[in-house]
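A.B. asks: quick one, structure for this:
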Amino acid sequence: MARAGIITFLHNNNYGSSLQAYALQRTLRELGCECLHLDYEPDRKEKIWNLLTSGNDLKLILDGIRKRSVWADQSGARRKSEAIPAFYRKRMQLSAPCRNRKDLRRESENCDLLVCGSDQIWNPVWLNPAYFLTFAGNEKNKIAYAASLGISRLPKSSKIRKIKRWTKNFRAISVREQEGMELLEQMTGLKADVMPDPVCLLTRDEWNGIAGDAPEGEPYLLCYFIGENADYWNRVRQLQAETGLRVLVMPVTAESYRSGYELLDGAGPEEFLGAVRDAACFCTDSFHGLVFGTIFGTRTDVCRRYREDDPESKNSRVDQFLRDMESSSLEEMRKQGREWLQRVLYKTHKA
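C.D. replies: This is a model prediction of the structure:
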């Protein structure tokens, strides 16, 4: 049995990130892999090193400080930040904590295969070589599953050179968006496959199997926004007037906490699933929110988080999923992703 080590975002306090990580680990286990996630949460020194070597903007650190200041003032946000690691302990296998490249190298030594993905781990805005598996030697089998670049325009040339260097020793690469596939080929000459996000690899019944109880009370309009935009709340008021539903907000931003609506605060990933599943209507700007709304058959109203002319727009992931749903079905996407993984696992095992 092959032993796989997976790396993705685990510590960004985000429901979608935690649930896609769970889905990929569960799928690989079902396909015959013994696997764990490398529990990567870089320390301050590692973050500074990465900022200096990857050419990322200092505003990323400032944005992180701003978000943490919002969460620090809210007891519900603190409960959520505790609930996500508790979900990992309950549902997944993680390595010992990894705070830097040395730790990652140590924890991956006994792995036959290293997998990076999914989520926006290859987004040039916050480039990090760890998510390209650079901590391991070239003798390791390396694959990327549905890695997202998250952008629709080429980054600056210095980042292109890094991405080209960091991807040249992969056995197989799949990305999550068509735009990402095209950009990666322009940057590196590599032809990647386009595969669905890991949350699509599990069925509705499988997600129901871990979903928590629905919020009590009258039917509700659920709101879950990652970004801040006054137009979101205009849309919420329109939907409330149209449906007459009680409004329930899962807060992330300072704007959400100030919305004046009833809050569903401090929920963990399982409670998030239950809330989306049983909502009468769901309004969100979240990519994974859209996908879970679709999986559960919940009426979902999507707000676009970025302007179309924003060079850092990440709307391509929403567009890709909506295109997929026009031409395919969730079951076909599930089959496509699992078959790709099965082929790659067979090839790397034979190599």
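
A.B. asks: quick check, residue 35 in contact with residue 1.
C.D. replies: No: using C-beta atoms under 8 Å, residue 35 is not in contact with residue 1, being 9.7 Å away. For every residue, glycine as well, the C-beta is placed using N, CA and C.

A.B. asks: which of those two has more neighbours?
C.D. replies: More crowded of residue 35 and residue 1, by other C-beta atoms under 10 Å: residue 35, with 23 against 9.

A.B. asks: doesn't the more buried one lie inside a helix?
C.D. replies: No: read with DSSP: H, G, I helix; E, B strand; the rest coil, residue 35 is strand and lies in no helix.

A.B. asks: what segments of the stretch 101-250 of the chain are helices?
C.D. replies: For the stretch 101-250 of the chain, the helices defined by DSSP state H, counting those that start in this stretch cover 101-108, 157-167, 178-188, 204-208, 230-243.

A.B. asks: list the contacts of residue 6.
C.D. replies: Taking C-beta atoms under 8 Å, 6 or more residues apart in numbering, we find residue 6 in contact with 21, 24, 25, 28, 35, 36, 37, 38, 114, 115, 116, 117.

A.B. asks: same list, these, but as TSV with pLDDT please.
C.D. replies: TSV is the format used below for the contacts of residue 6 (pLDDT from 0 to 100):
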residue	pLDDT
21	98
24	98
25	98
28	98
35	96
36	97
37	98
38	98
114	98
115	98
116	98
117	93
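
A.B. asks: closest one of these to residue 138?
C.D. replies: Distances from residue 138 to the contacts of residue 6, taken as C-beta to C-beta, are shortest for residue 114 (11.4 Å).

A.B. asks: what's around that closest one, how many residues?
C.D. replies: The number of residues packed near residue 114 is 22, by other C-beta under 10 Å.

A.B. asks: do the same with residue 169
C.D. replies: Using other C-beta under 10 Å, residue 169 has 16 other residues around it.

A.B. asks: go ahead and confirm it touches residue 138.
C.D. replies: Yes: between residue 169 and residue 138 there is a contact under C-beta under 8 Å: 4.7 Å.

A.B. asks: strands along this structure, start to end?
C.D. replies: Using DSSP state E, the strands of the chain run over residues 3-7, 34-37, 113-116, 141-147, 172-175, 193-194, 220-224, 246-249, 262-263, 281-284, 300-302.

A.B. asks: circling back: for the helices of the stretch 101-250 of the chain, which one sits closest to residue 271?
C.D. replies: The minimum distance between residue 271 and the helices of the stretch 101-250 of the chain falls on helix 204-208, with 13.0 Å, by C-beta to C-beta.

A.B. asks: for that closest one, the distance to its chain's centre please.
C.D. replies: Relative to the chain's own centre, helix 204-208 is displaced by 19 Å; criterion: C-alpha atoms, centre = their mean, to the nearest Å.
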